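# sequence and predicted structure are below.
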Amino acid sequence: MTDEPDYEPGPNLTLLKWIVGILGFLIILFVGIIGVTLYMRITGSKSANPPATAEESRPAPATVVEGSGLVPLSGFGDVAITLPEDMDVISLSSDGARMFLTLGTEGTARRILVYSLADGRELGRFILDRAVVE
């Protein structure tokens, strides 16, 4: 028995100091980002993508490209499109003077209807069917 107490080495606090320092830095960084964001919103400073003004948000007059120039579209009233019972509208898109209505079931296209935007009449159909190849 000696008079000296047994000293067990304690845990190395260097790692803990590094973790506390990094977390403190991240907290200060995120508080700064939140502060800058709040300041920008409160002062209403201009952003890279400003919101559209009323003048910019008006739709352009409807026109159709025919031949060498633009021809304004005339109103054609209501056009009733009868959908088959087993099909839903998958997508609707337009290209120039035509509108393409894609019909199908569960995300699989089975029929594409083509309509004229000038008068609303059906121009044609694409019926998509898998052929069994032997």
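It's in.

# now do the contacts for the residue most central in space within the chain.
In the chain, the centroid-proximal residue (Cα atoms, centre = their mean) is Ser91; its distance is 15.2 Å. Each residue near Ser91 by Cβ atoms under 8 Å, 6 or more residues apart in numbering is listed here: 100-102. Just so you know, the C-beta spots here come from the backbone N, C-alpha and C atoms, and that holds for glycine as well.

# switch to 10 Å and redo it
Listed by Cβ atoms under 10 Å, 6 or more residues apart in numbering, the contact set of Ser91 reads 100-104, 109, 112.

# do Tyr115 as well
79, 81, 92, 94, 97-101, 121-124.

# repeat that with 8 Å
79, 81, 98-101, 121-123.

# quick one: the strands in the protein, in order.
63-66, 69-72, 88-95, 98-105, 108-116, 122-127 (DSSP state E).

# any chance of the ones you listed in a markdown table, plus mean pLDDT and distance to Thr43?
Listed next are those as a markdown table, based on pLDDT from 0 to 100; distance: least, Cβ to Cβ, whole Å:
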| stretch | mean pLDDT | distance to Thr43 |
| --- | --- | --- |
| strand 63-66 | 57 | 42 |
| strand 69-72 | 58 | 43 |
| strand 88-95 | 85 | 41 |
| strand 98-105 | 87 | 45 |
| strand 108-116 | 85 | 49 |
| strand 122-127 | 87 | 54 |
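
# make JSON lines out of those strands and add distance to Leu26.
Shown next, in JSON lines, are these (distance: least, Cβ to Cβ, whole Å):
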{"stretch": "strand 63-66", "distance to Leu26": "55"}
{"stretch": "strand 69-72", "distance to Leu26": "57"}
{"stretch": "strand 88-95", "distance to Leu26": "45"}
{"stretch": "strand 98-105", "distance to Leu26": "49"}
{"stretch": "strand 108-116", "distance to Leu26": "48"}
{"stretch": "strand 122-127", "distance to Leu26": "56"}
